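1. 3D model of this:
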Amino acid sequence: MNSYNLIMKLQAKMKDPRFAERFNRIVSEFNSIPGVQQEVMRIAQIEDEKKREKALSRLPDRVKNLVREVYSLLND
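-> The predicted structure follows:
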């Protein structure tokens, strides 16, 4: 998914208050970890599943869990 599609999907889902609350909680956790935002956005744009999983495997465990939670939120 390219960054434009990701933003459009996120904007549509943010209309759901439950989604918005969960997403904002995850974002604040991301913001508490230096340098993670840019890396997570780069990984989110990787379309090849194997390459994305390889990039995710290099992240700290806490960040991996947050990224997986975001993916599950966006894909529900």
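
2. and Arg52, what is it in contact with?
-> Counting by C-beta atoms under 8 Å, 6 or more residues apart in numbering, Arg52 touches Ile43, Ile46. (C-beta placed from N, C-alpha, C; glycine too.)

3. okay, buried residues for the strand or helix carrying it please.
-> Following DSSP states H and E, one finds Arg52 within helix 49-57. Of the residues in helix 49-57, Arg52, Ala55, Leu56 count as buried by neighbour count, 16 or more other C-beta atoms under 10 Å.

4. the last one and Lys64 touch, don't they?
-> Yes: judged on C-beta atoms under 8 Å, Leu56 makes contact with Lys64 at a distance of 5.7 Å.

5. anything in contact with each of those two?
-> With the criterion set as C-beta under 8 Å, 6+ apart, the contacts of Leu56 and Lys64 do not overlap.

6. picking up where we left off before, including distance to Leu10 and pLDDT, could the buried residues of helix 49-57 go into CSV?
-> Converted to CSV, these look like this (distance: C-beta to C-beta, whole Å; pLDDT from 0 to 100):
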residue, distance to Leu10, pLDDT
Arg52, 17, 87
Ala55, 20, 89
Leu56, 19, 84
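
7. so which elements touch the one helix or strand Glu29 maps to?
-> Glu29 belongs to helix 17-31 when assigned by DSSP H and E. Taking 3 or more C-beta pairs under 8 Å, 6 or more residues apart in numbering; DSSP states H and E as the contact definition, the neighbouring helices and strands of helix 17-31 are helix 3-13, helix 36-44, helix 61-75.

8. for the second one, what is the average pLDDT?
-> Averaging the model's pLDDT scores along helix 36-44 yields 82.

9. tell me what angle that helix forms with helix 49-57.
-> Taking axes from the mean of the first three to the mean of the last three C-alpha atoms, to 10 degrees, helix 36-44 and helix 49-57 form an angle of 160 degrees between their directions.

10. check which residues of helix 36-44 are buried.
-> Residues of helix 36-44 classed as buried under the neighbour-count rule (16+ other C-beta under 10 Å) are Val36, Glu39, Val40, Ile43, Ala44.

11. so what's the second one up against?
-> The neighbourhood of Glu39, defined by C-beta under 8 Å, 6+ apart, consists of Leu59.
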